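Visitor: structure of the sequence below:
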Amino acid sequence: MNELSADVERVLIGSDELSEIAKRLGAEIDADYSYIDGVKDKLVLLGVLKGSVVFMGDLMKNITVPAEIDFMKVSSYGASTTHGKSVNIILDLYRKDLPNTDILIVEDIIDSGRTLSYLADYLLLKGARSVKAVTLLDKPDRREIDFQPQYVGKVIPDEFVIGYGLDYAEKYRTLPYVGILKREVYEKQL
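Guide: Alright, predicted model coming up:
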């Protein structure tokens, strides 16, 4: 047993269910990206580092349409204002073929929706042909703006989740499931 498991209140999504989610989403993506107006898509799976890496790896195994991969790293920071938090792009996407590219942002979890909404708008402004989003987990109860990903693995309650790429203080990413972190673990840091 992983020693980090002692900090888990309970398992929310087990490894078998995570595999089924990746298969289902892969089939949905295949159906939508096989052809657009008779023209073969140039699909790029764009992973948002670091949390999406595990999910993206499993998702890729279940997509059969041709797809390239790339990565960006973004962070939200600063106090909330009337315009929300600031978004900092740490690792940007540079592609000369962006006008011929359909981007599918791969995210681990969507809470407020601010970062992903900003990122989608940013990529369209950079010239991407289209931008959609797939997320493993969606917390609509935490949504602060009207943003809905096109593909959702599972809607979850407003709990602090870890594992399968999701972290708390850079720990717990290696757990093979999504679990709820015990409240006392993160409350002692507040």
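Visitor: would you mind finding the longest strand in this structure?
Guide: strand 67-77 (DSSP state E).
Visitor: so which elements touch the following helix or strand past that strand?
Guide: Downstream of strand 67-77, the next assigned helix or strand under DSSP states H and E is strand 86-91. Under the contact criterion of 3 or more Cβ pairs under 8 Å, 6 or more residues apart in numbering; DSSP states H and E, strand 86-91 touches strand 67-77, helix 114-125. C-beta: built from backbone N, CA, C; applies to glycine.
Visitor: which strands and helices lie in contact with the shortest one?
Guide: The one in question is strand 67-77. Taking 3+ Cβ pairs under 8 Å, 6+ apart as the contact cut, strand 67-77 packs with strand 43-49, helix 53-60, strand 86-91, helix 114-125.
Visitor: what average pLDDT does stretch 177-189 get?
Guide: Averaged across stretch 177-189, pLDDT comes to 89.
Visitor: buried set for it?
Guide: 177-181, 185 (16 or more other Cβ atoms under 10 Å).
Visitor: about what we covered before: just the helices and strands packed on strand 67-77: most buried one?
Guide: Most buried of the helices and strands packed on strand 67-77, by mean neighbour count (mean count of other Cβ atoms under 10 Å): strand 43-49, with a mean of 22.
Visitor: quick one: low-confidence parts of this protein?
Guide: 1, 35-41, 77-85, 189-190 (pLDDT under 70).
Visitor: kindly list the longest helix within it.
Guide: helix 15-33 (DSSP state H).
Visitor: report the angle between it and strand 67-77.
Guide: 110 degrees (axes from the mean of the first three to the mean of the last three Cα atoms, to 10 degrees).
Visitor: buried sites along the longest strand of the chain?
Guide: Result for strand 67-77 [16+ other Cβ under 10 Å]: buried residues 67, 71-72, 74.
Visitor: the buried residues of stretch 177-189 in strands, which ones?
Guide: Using DSSP E, these in strands are 178-181.
Visitor: now distance to Asp16 too, for those, in JSON lines please.
Guide: Supplementary listing: these in JSON lines, determined by distance: Cβ to Cβ, whole Å:
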{"residue": "Val178", "distance to Asp16": "12"}
{"residue": "Gly179", "distance to Asp16": "15"}
{"residue": "Ile180", "distance to Asp16": "18"}
{"residue": "Leu181", "distance to Asp16": "21"}
